[in-house]
Each structure stands twice: as C-alpha cells, then as structure tokens.
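**Student:** Pasting the sequence and the predicted coordinates here, then a few questions.
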Amino acid sequence: MNVVLGITGGIAAYKTPELVRRLRERGADVQIVMTASAAEFVTETALQAVSGRPIRSNLWDKEAEASMSHIELARWADVVLIAPATAEIMARLASGAAADLLTTLCLATEAPIAIAPAMNHVMWSNPAVQSNRATLEQRGVQMLGPDHGSQACGETGAGRMLDPDDIAALVFGPDLGGRPVEGSLSGKTVLITAGPTREPIDPVRYITNRSSGKMGYALARAAAGEGASVILVSGPVNLAEPRGVDVVHVATAEEMYAATHDRIGDVDIFVGAAAVSDYRPADAREQKIKKSEETMHIELVRSKDILVSVAALDDAPFTVGFAAETENVRDYALGKLQNKKLDMIVANQVGRDRGFDQDENAVDVFWDGGEQSFGQAAKTELARDIIELVVARYTATRGADTQPALPKLHAID
Ligand SMILES: Cc1cc2nc3c(=O)[nH]c(=O)nc-3n(C[C@H](O)[C@H](O)[C@H](O)COP(=O)(O)O)c2cc1C
C-alpha cells in the first residue's frame, strides 16, 4: 500500500515518526509531504530516517519534481493521509486551494483522502472549522478522530490526534480500501480485561485501586494490530476506546466476571490484565451511610477469581494472568502461575511511582519452563512484545497452523 503522508504544522507532528513506523510495520510504503509549518515541529532528518525516502515539501523543488512530479506522486498514492491535520489545512482543502505541494497533490489524486485533525478543543469546536469538516466529509474525505482527552495546551476536550496505532489500523481498514490486517493472530479471538473495578459501599462511595487500564488497552491494540478479533472488557477508565475493538464497559468485579464468561465460548486467548478487586463490601447500602461513630467497620467478602475460573474451564483458552506486586514479585508470580493453572503470567513491581497509572513499565514474563524479561519501555511497546511472546507460546502449546519463531527463552533454574 502506497501512503502519501501529509504532515502539517500542529504540535502533534512530533508523533509522526511513530506513525510512520506503525504504517511501515503493516507493510506500507510511506512518502512524506511536509508543509513549511510542520518543519517547526519535527525534523526532516528524523522522518527521512524512519520512512526511508527523501521528504517532499516544496512544490518548486526542480530536482524532486524531475524524479517524481507532484502529479506522479498523486497517482502513486493508494491513500493520502494527513496527520496531524491543522485547522489551516482543513480550510485550504475545503476551499480547493492549491498554492503548495500538499494541497495541489490532494486536488490531483484519485486516491481516498483521510485526515486526522489535531488542534486545541476550542479551535475544533469553532463554527468555521466545523463547517470545513462538514464540507470535507461531504466530499468523501475520511475524518480519523479527533480524540477527546488532555491536550498539549494543558486543557481537556475534543481535538487530540488519534493514537498512531489507531490511525495505522484505520488506514488499513476497509473504509480506505485497505486490505484487512493479516497478522500472527488472524482468525483468532482474544479477550482482554483491563482497568480497575469499583465495589460500591453505598450509592456515593466505592472501593477501587490505582489501575489506569493503559496496559490492557495497549494489549488490545497490539492484538488487533496482529489481526485478532479483540473483545476488551473494561473497568472504569479515562482512555479512548481502541478502534476496531469490541469494548464492553463494566464497573464491579461481578460484572467483569459475568461479561467475561458470557463471551469466553469462542475465545482462543484470554488475557486478564484488569486489577480486579479481591474483596467487595458484603452489604452495599441502599442509602448513603451517615457520619456517626468515631470508627466504622465494613465487612468485605472475596470476589470470584476470574482468572482461576477461566483457566479451569474444560475448553479453557490460552490464559495469561498479570501479577502486580509490591515485593517478592518473582516468587508470587510463579506461585500464581502454578496455583491458578495459567499458561503464562506477566509480573511487574508496582508502588508509589511504578506500574500503575504510568505510561512506561518493565515486566518479567513466566511460563512453565521459561521466562523472559522486558526492560523499562512505553506500555505500547511492551504490549507488542508481550503479544509476540503470547503468540509464540500459544503456537507452541496449542499447535496453531502458523508457526512463528519462538523468541530465545531462558529456562527457570
Ligand atoms: C506552538 C504552536 C502549536 C500549534 N499547534 C497547532 C495545532 O495543534 N493545530 C492547529 O490546527 N494549528 C496549530 N498551530 C497553528 C498552525 O501552525 C498554523 O495555523 C499554520 O499556519 C499551519 O500551517 P499548515 O497547515 O500549512 O502546516 C500551532 C502554532 C504554534 C506556534
């Protein structure tokens, strides 16, 4: 798939080297066309290195025009993707302007055009921008996002550029004429639980934990990126839903248990990444508890263990657990692997500034007869490493049709 990636002058342009990598991982040839403003946010050197092609930015570059003219470039493209797309490029595209390479190319191409808007939320809601969005959509331009969330300006709202993984998935999706993702998990169904649970004490109070859901959501994206059909059973989190993933929202451990077991029938791989509350109040009050005594006691009862229940099924899927521990991580993880009869366990140390609600983590993965460590890295990177390892172990133990090479394993003493 030939992708012309137009990069315009928004702050999210700093994410484009990552986007280029995600597109190339899926097999795209990426030719970058930058506006003059984009060069204020990301260097040509970095983009040339990750795309492996010289960057085009100037309509009047005689040498570049001689090797592949802007018209040839427009014909070469299977898709034109603009990410990030500024309010300014949306206005230029909507008006049919053609004073620079990117807009000229957009007028000259017959390929589908997709844009990933990225701007401050007040800019995004401005009637002029919304009118340009409507005009472009009416003409068949695909809008990829934007997302809702925290922004570079420090505010929160709609206007964030979609995650590079999601953009890459959409570019290869059916709407843009792309081919379905063919990966090591094509034809497989993966169910992942993510986030914390909330156990009500009364209508206004609950017991929860510090899990953000970032690891589970990253795993869902990574599995979908490998072609799996993914079900994500999510506790209450503040994260954008991964594209192309069936997300089921739940609140309590009991709801998570039920949502998992309702869907486990056709699941090949189960990953329990949620931080499920081990205990819940025995008696959630109907009315708000009033302040009275100096001390009070809440009786807690054990929640049903979702991992154990899935691993114990007659036709259990390949079952992966997570162990978040503050001490003796290895011993607890190995104990859990055996006692819960899991196929694999991913262990990490958590604490005040570790693991929970962080963008990075480091994990040790254990299975019967082997282990592998992954050092400090972004959870998105770790998720891809973990999914690769899961595929290798799943293939080795369940004899799937594909046989990817096993990573080098170190036997446990
Ligand atoms: C620091 C800084 C950040 C900016 N971020 C954005 C942005 O995220 N989205 C946007 O639409 N414009 C943003 N702008 C404004 C654009 O850079 C400006 O409208 C420019 O003319 C866009 O040109 P282009 O679309 O040709 O790249 C930003 C400007 C500055 C100085």
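**Tutor:** Looks like it arrived, so ask away.
**Student:** give the contact list for Val363.
**Tutor:** Residues near Val363 by C-beta atoms under 8 Å, 6 or more residues apart in numbering: Val346, Ala347, Asn348, Ser373, Phe374, Leu382, Ile386. C-beta: built from backbone N, CA, C; applies to glycine.
**Student:** Can you add pLDDT, neighbour count and distance to the ligand and give the residues you listed back as a markdown table?
**Tutor:** Output for those, formatted as a markdown table (pLDDT from 0 to 100; neighbours: other C-beta atoms under 10 Å; distance: C-beta to the nearest ligand atom, whole Å):
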| residue | pLDDT | neighbour count | distance to the ligand |
| --- | --- | --- | --- |
| Val346 | 96 | 26 | 36 |
| Ala347 | 94 | 23 | 39 |
| Asn348 | 86 | 21 | 34 |
| Ser373 | 93 | 11 | 38 |
| Phe374 | 92 | 17 | 33 |
| Leu382 | 90 | 23 | 28 |
| Ile386 | 97 | 26 | 32 |
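**Student:** Mind checking which of those residues are in strands?
**Tutor:** The strands, defined by DSSP state E, take in Val346, Ala347, Asn348, Ser373, Phe374 from the contacts of Val363.
**Student:** Out of the residues you listed, which comes closest to Lys291?
**Tutor:** Asn348 (38.4 Å; C-beta to C-beta).
**Student:** Run through the helices of the stretch 151-300 of the chain in chain order.
**Tutor:** Secondary structure of the stretch 151-300 of the chain by DSSP state H, counting those that start in this stretch: the helices cover 164-171, 214-225, 253-263.
**Student:** Ok, which of those helices comes nearest the ligand?
**Tutor:** helix 164-171 (15.4 Å; C-beta to the nearest ligand atom).
**Student:** The closest one - contacts with which helices or strands?
**Tutor:** helix 16-25, strand 79-85, strand 113-117, helix 214-225 (3 or more C-beta pairs under 8 Å, 6 or more residues apart in numbering; DSSP states H and E).
**Student:** For it, which outside residues touch it?
**Tutor:** 1, 3, 15-16, 18-19, 21-23, 25-26, 28, 79, 81, 83, 114, 116, 142, 144-145, 161-162, 176, 178, 181, 221-222, 224-225, 240, 242-244, 380.
**Student:** Turn the helices and strands packed on helix 164-171 into JSON lines, including mean neighbour count.
**Tutor:** What follows is the helices and strands packed on helix 164-171, written out as JSON lines (neighbours: other C-beta atoms under 10 Å):
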{"stretch": "helix 16-25", "mean neighbour count": "21"}
{"stretch": "strand 79-85", "mean neighbour count": "27"}
{"stretch": "strand 113-117", "mean neighbour count": "26"}
{"stretch": "helix 214-225", "mean neighbour count": "28"}
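**Student:** weakest of those in terms of mean pLDDT?
**Tutor:** Mean pLDDT per stretch puts helix 214-225 lowest among the helices and strands packed on helix 164-171, at a mean of 91.
**Student:** quick one: it to chain centroid distance?
**Tutor:** Offset of helix 214-225 from its chain centre (C-alpha atoms, centre = their mean, to the nearest Å): 5 Å.
**Student:** can I get the CA coordinates of it in PDB?
**Tutor:** Extracted in PDB, the C-alpha atoms of helix 214-225 (Å, rounded to 0.1, in the frame of the first residue of the first chain):
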ATOM      1  CA  LYS A 214      -3.300   1.600  30.000                       C
ATOM      2  CA  MET A 215      -1.600  -1.800  29.800                       C
ATOM      3  CA  GLY A 216      -4.800  -3.700  28.900                       C
ATOM      4  CA  TYR A 217      -5.800  -1.100  26.300                       C
ATOM      5  CA  ALA A 218      -2.300  -1.200  24.800                       C
ATOM      6  CA  LEU A 219      -2.600  -5.100  24.700                       C
ATOM      7  CA  ALA A 220      -5.900  -4.800  22.900                       C
ATOM      8  CA  ARG A 221      -4.400  -2.500  20.300                       C
ATOM      9  CA  ALA A 222      -1.400  -4.800  19.900                       C
ATOM     10  CA  ALA A 223      -3.600  -7.900  19.400                       C
ATOM     11  CA  ALA A 224      -5.900  -6.100  17.000                       C
ATOM     12  CA  GLY A 225      -2.700  -5.000  15.100                       C
END
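**Student:** which helices and strands sit right next to it?
**Tutor:** helix 164-171, strand 189-194, strand 229-234, strand 269-272, helix 379-398.
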